[in-house]
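Asker: here is my input; please provide its structure:
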Amino acid sequence: MPFTKFTNLDFDQIRTSIKDYLRANSTFTDFDFEGSNFSVLIDTLAYNTYITAFNSNMIVNESFLDSATLRENVVSLARNIGYVPRSRTCSKAQVTITGTTSSIESIAIIPAGLVCVGTANDTSYTFCTPENISTTISNGSITFDKIDVYQGTFLKKTFTVDGSLDQRFVLDNANIDTSTISAYVRGINDSGDGVKYSLVENILNIDSSSKVYLIQEVQDEKYELLFGDGRFGEKLSNNSVITVYYVTTDGSDGNGASQFSFQSTLKSSSGSNISLIGATITTNQSSQNGGEIEAIDSIKYFAPRIYSSQYRAVTARDYEAIIKTIYPDTESVSIIGGEELDPPEYGTVSISIKPKNGTFVSEFNKEQIKNKLKQYSVSGINQKIIDLKILYVEIDSSIYYNSSQVSAVESLKTKINKSLTDYSNSTDLNKFGGRFKYSKVLQIIDNTDTSITSNITKVIIRRDLKVSVDNFTQYELCFGNKFHYKSEGYNIKSTGFKVLNDSDTVYFTDVPNKDANGNLDGSGMGVLSVVKPVTVGVGTTITNENRVVVKSAGTIDYTKGEIKIGTLKILSTSLPNSIIEIQAYPESNDVLGLKDLYLNFNLTKSSINMVRDVVASGDEISGTIFARDFYTSSYSNGNLIRK
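Answerer: Okay, the predicted model is just below:
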């Protein structure tokens with residue numbers, strides 16, 4: 001009996017296919033399926049086939065890392081290639097705790113556990129320490145100087161080894177920061193918690209006597225500890241007691257806490273309580289670097305790359321995957337081989353890291369990362385971690401709107417800001433190698449509301465120069481994008497600063513190189529100058545002009561987008577934190593975060609101007625008033641000062 005093939009999983013198509021199959025049998029050739037109860041049976045068969053096909057499709061999808069959607073399945077597939085997804089990370093703060101006591105003890109100890117309570121975003125969070133912290137008592141005064149406290153709850157879990165093959169050591173809590181896990185094994189002859197075991201990421205250099213364990217994520221974002229089997233890692237004996245300490249955390253929600261109240265009870269070395277009178281907590285560093293558990297998309301991206309790296313750092317992709325594993329606070333990373341640098345540095349790998357909820361990686365963390373990379377890197381290759389270089393993109397946008405369709409201009413402006421904010425958080429930006437797409441921004445603005453008739457948007461690129469105040473220093477800023485420049489200059493603008501031998505506020509500006517006839521010489525180079533605005537004349541003859549303070553303060557390569565500042569002693573800056581903002585206009589409105597430049601769309605410094613479209617609003621037809629009073633230039637201005 002013939003069978004009609006079908007490939008469509010739609011219910012109606014399946015039902016039609018069944019009818020075609022039955023009609024192929026002479027018994028039902030002229031049968032009226034719709035007019036009989038037989039149609040109910042056909043619908044039942046079609047429905048059953050539809051559900052079965054759907055389930056089969058989902059099962060197959062969940063069997064592959066690329067197409068799986070359930071976290072448990074994605075984690076399980078990643079586990080097959082040796083990848084452990086990143087856990088939540090505790091937000092960490094640094095505080096100094098002081099007070100007095102009447103105790104005659106010489107040592108004061110903050111026991112592992114609750115230390116203080118901090119407030120972030122009008123919510124209270126507990127902060128703890130995963131280990132005891134001690135200090136000396138001097139003349140009744142107690143000071144715990146610059147101690148680290150971690151947001152979360154300190155917990156303890158014990159297991160007794162029974163020797164069964166199906167025994168599992170699963171921690172009961174979700175939201176664990178795996179970096180805080182400490183495991184101890186107490187044998188029959190051991191005291192206290194026993195011997196501390198070390199967490200390892202793989203079985204390299206592990207033998208039968210290694211006191212190690214591994215972890216893996218299991219159901220409901222919980223974690224399981226895996227101990228040795230006697231070949232790889234020491235096998236646990238029956239009746240051994242495993243004690244595990246760890247911290248459960250609220251992740252990124254705990255970031256930003258700066259006010260703390262002391263909640264712990266001090267102990268002496270003998271275990272007795274010590275009363276801390278007038279406890280005061282000084283915040284050295286607000287809580288930061290708390291993070292969420294690794295997302296499914298991130299697991300899909302990094303699991304095969306970690307596997308392909310085979311725990312060795314050779315290619316840029318290897319470094320990217322490994323650094324995100326050894327330094328979980330990494331948001332984005334740029335890897336540049338020394339041969340790509342200018343000038344080349346052969347045998348060197350330049351690494352730039354953008355941490356989560358921060359801008360710079362501390363010197364301590366840099367050393368930790370480099371030390372951990374040594375076990376992966378090829379002999380003879382040196383790693384150099386450089387500070388983050390941010391290329392800011394700003395816009396100066398005049399947005400025309402039909403006033404007859406707008407009841408509140410500020411509400412429309414708020415909608416535009418929200419649309420642009422959503423784009424600023426997109427995958428195009430906020431990363432190394434990111435790209436600001438000009439046409440997309442124009443489209444986002446125009447599509448925000450039907451009342452918007454058009455927009456004139458100029459793009460500005462900016463770098464922040466960190467000044468070494470009161471020192472003779474040279475500087476170099478790379479924008480990674482070709483500059484648009486005019487022959488008359490004023491293409492480069494800056495915020496104010498003060499230099500040696502001049503009490504007035506001065507600014508950077510540029511003068512492109514010209515030939516003997518006063519035309520651009522084609523070199524694509526220019527001279528950087530330091531100038532100040534002055535007012536000259538009296539009465540009705542007062543004029544404003546720019547006076548040169550330093551004629552040749554550096555050079556500009558408009559083609560490469562580089563500014564080199566010669567030896568200059570800067571005494572102070574108009575902006576706080578010794579920052580000078582230097583801006584330029586890109587030759588292309590599509591801006592690229594080249595090499596080690598982290599691209600950031602900065603809406604805070606952008607300008608959004610709402611302009612009434614008098615033509616679209618019906619106020620006039622000829623456009624005369626529009627051209628006279630509402631005209632907006634599409635090109636940069638010739639002002640000296642960065643606004």
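
Asker: hmm, residue 571 is touching residue 502, no?
Answerer: No - counting by C-beta atoms under 8 Å, residue 571 stays clear of residue 502, with 9.1 Å between them. For glycine as for every other residue, the C-beta is placed from the backbone atoms N, C-alpha and C.

Asker: low-confidence bits of this protein, can you list those?
Answerer: For the chain, applying pLDDT under 70 flags the ranges 1-8, 25-26, 29-33, 35, 357, 537-541, 621-624, 626-631, 637-638, 643.

Asker: next secondary structure after the longest helix along it?
Answerer: With secondary structure taken from DSSP state H, the chain has its longest helix at helix 38-61. Next in sequence after helix 38-61, counting helices and strands by DSSP states H and E, comes helix 71-79.

Asker: name the helices or strands packed onto the next helix or strand after that following helix?
Answerer: The helix or strand immediately downstream of helix 71-79 is strand 92-100, counting by DSSP H and E. If you count contacts as 3 or more C-beta pairs under 8 Å, 6 or more residues apart in numbering; DSSP states H and E, strand 92-100 packs onto strand 113-120, strand 141-151, strand 259-262, strand 277-288.

Asker: what about residue 65, distance to residue 324?
Answerer: Distance, residue 65 to residue 324, using C-beta to C-beta, to the nearest Å: 17 Å.

Asker: and residue 318, what does it touch?
Answerer: 305, 308, 309, 312, 376 (C-beta atoms under 8 Å, 6 or more residues apart in numbering).

Asker: could you check the angle helix 71-79 makes with the longest helix of the chain?
Answerer: With axes from the mean of the first three to the mean of the last three C-alpha atoms, to 10 degrees as the basis, helix 38-61 and helix 71-79 are set at 40 degrees to each other.

Asker: so which other helices or strands are in contact with helix 38-61?
Answerer: Helix 38-61 sits against helix 11-23, with contacts defined as 3+ C-beta pairs under 8 Å, 6+ apart.

Asker: for the residue lying closest to residue 337 once chain neighbours are set aside, what are its contacts?
Answerer: Nearest in space to residue 337, with sequence neighbours left out and distances taken as C-beta to C-beta, 6 or more residues apart in numbering, is residue 349 at 6.3 Å. Shown in contact with residue 349 (C-beta under 8 Å, 6+ apart): 319, 335, 336, 337, 338, 377, 381, 382, 383, 384.

Asker: excluding its backbone neighbours, what's nearest the third one?
Answerer: It refers to residue 336. Closest to residue 336 by C-beta to C-beta, 6+ apart is residue 350, at 4.4 Å.

Asker: I figured that neighbour hits residue 386, correct?
Answerer: Yes - Residue 350 lies in contact with residue 386 (C-beta under 8 Å); the separation is 5.9 Å.

Asker: quick one: common contacting residues for these two?
Answerer: Joint contacts of residue 350 and residue 386 (C-beta under 8 Å, 6+ apart) are residue 596.

Asker: between these two, point out the one with more neighbours.
Answerer: Between residue 350 and residue 386, counting by other C-beta atoms under 10 Å, residue 350 is the more crowded of the two (19 against 14).

Asker: doesn't the more buried one lie inside a strand?
Answerer: Yes - counting by DSSP: H, G, I helix; E, B strand; the rest coil, residue 350 is located in a strand.

Asker: any idea how far it is from residue 325?
Answerer: 20 Å.

Asker: for the residue nearest to residue 398 when sequence neighbours are not counted, which three-state class applies?
Answerer: In this structure, residue 398 finds its nearest non-sequential neighbour in residue 632, 4.1 Å apart by C-beta to C-beta, 6+ apart. Residue 632 falls in the coil class when you classify it by three-state DSSP.

Asker: need the contact list for residue 632.
Answerer: Going by C-beta under 8 Å, 6+ apart, residue 632 touches 398, 456, 611.

Asker: show me which of the residues you listed is closest to residue 469.
Answerer: Nearest to residue 469, judged by C-beta to C-beta, of those is residue 398 at 37.5 Å.

Asker: if I look at the nearest residue to residue 266 once chain neighbours are set aside, how far off is residue 111?
Answerer: Of all residues not flanking residue 266 in the chain, residue 274 sits nearest, at 4.0 Å (C-beta to C-beta, 6+ apart). Taking C-beta to C-beta as the measure, residue 274 falls 11 Å from residue 111.

Asker: overlap in contacts of those two?
Answerer: Here residue 274 and residue 111 have residue 267 as joint contacts, going by C-beta under 8 Å, 6+ apart.

Asker: so where do the strands sit in the stretch 451-600 of the chain?
Answerer: Here the stretch 451-600 of the chain has its strands, by DSSP state E, counting those that start in this stretch, at 452-466, 472-478, 493-494, 497-499, 507-512, 525-536, 543-557, 562-573, 579-584, 591-592, 597-601.

Asker: tabulate the ones you listed (JSON lines), appending distance to residue 219 and mean neighbour count.
Answerer: Formatted as JSON lines, those follow (distance: least, C-beta to C-beta, whole Å; neighbours: other C-beta atoms under 10 Å):
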{"stretch": "strand 452-466", "distance to residue 219": "46", "mean neighbour count": "19"}
{"stretch": "strand 472-478", "distance to residue 219": "48", "mean neighbour count": "15"}
{"stretch": "strand 493-494", "distance to residue 219": "56", "mean neighbour count": "24"}
{"stretch": "strand 497-499", "distance to residue 219": "58", "mean neighbour count": "20"}
{"stretch": "strand 507-512", "distance to residue 219": "59", "mean neighbour count": "23"}
{"stretch": "strand 525-536", "distance to residue 219": "61", "mean neighbour count": "17"}
{"stretch": "strand 543-557", "distance to residue 219": "57", "mean neighbour count": "16"}
{"stretch": "strand 562-573", "distance to residue 219": "53", "mean neighbour count": "18"}
{"stretch": "strand 579-584", "distance to residue 219": "49", "mean neighbour count": "21"}
{"stretch": "strand 591-592", "distance to residue 219": "43", "mean neighbour count": "20"}
{"stretch": "strand 597-601", "distance to residue 219": "37", "mean neighbour count": "23"}
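
Asker: Serialize these to a markdown table and add fields for distance to residue 354.
Answerer: Conversion of the strands of the stretch 451-600 of the chain to a markdown table gives the following (distance: least, C-beta to C-beta, whole Å):
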| stretch | distance to residue 354 |
| --- | --- |
| strand 452-466 | 15 |
| strand 472-478 | 17 |
| strand 493-494 | 25 |
| strand 497-499 | 27 |
| strand 507-512 | 27 |
| strand 525-536 | 28 |
| strand 543-557 | 26 |
| strand 562-573 | 22 |
| strand 579-584 | 18 |
| strand 591-592 | 16 |
| strand 597-601 | 5 |
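
Asker: which of these sits closest to residue 152?
Answerer: Among the strands of the stretch 451-600 of the chain, strand 597-601 comes nearest to residue 152, with 29.4 Å by C-beta to C-beta.

Asker: ok, residue 229 touching residue 235?
Answerer: Yes - contact criterion C-beta under 8 Å: residue 229 and residue 235 qualify, at 5.7 Å.
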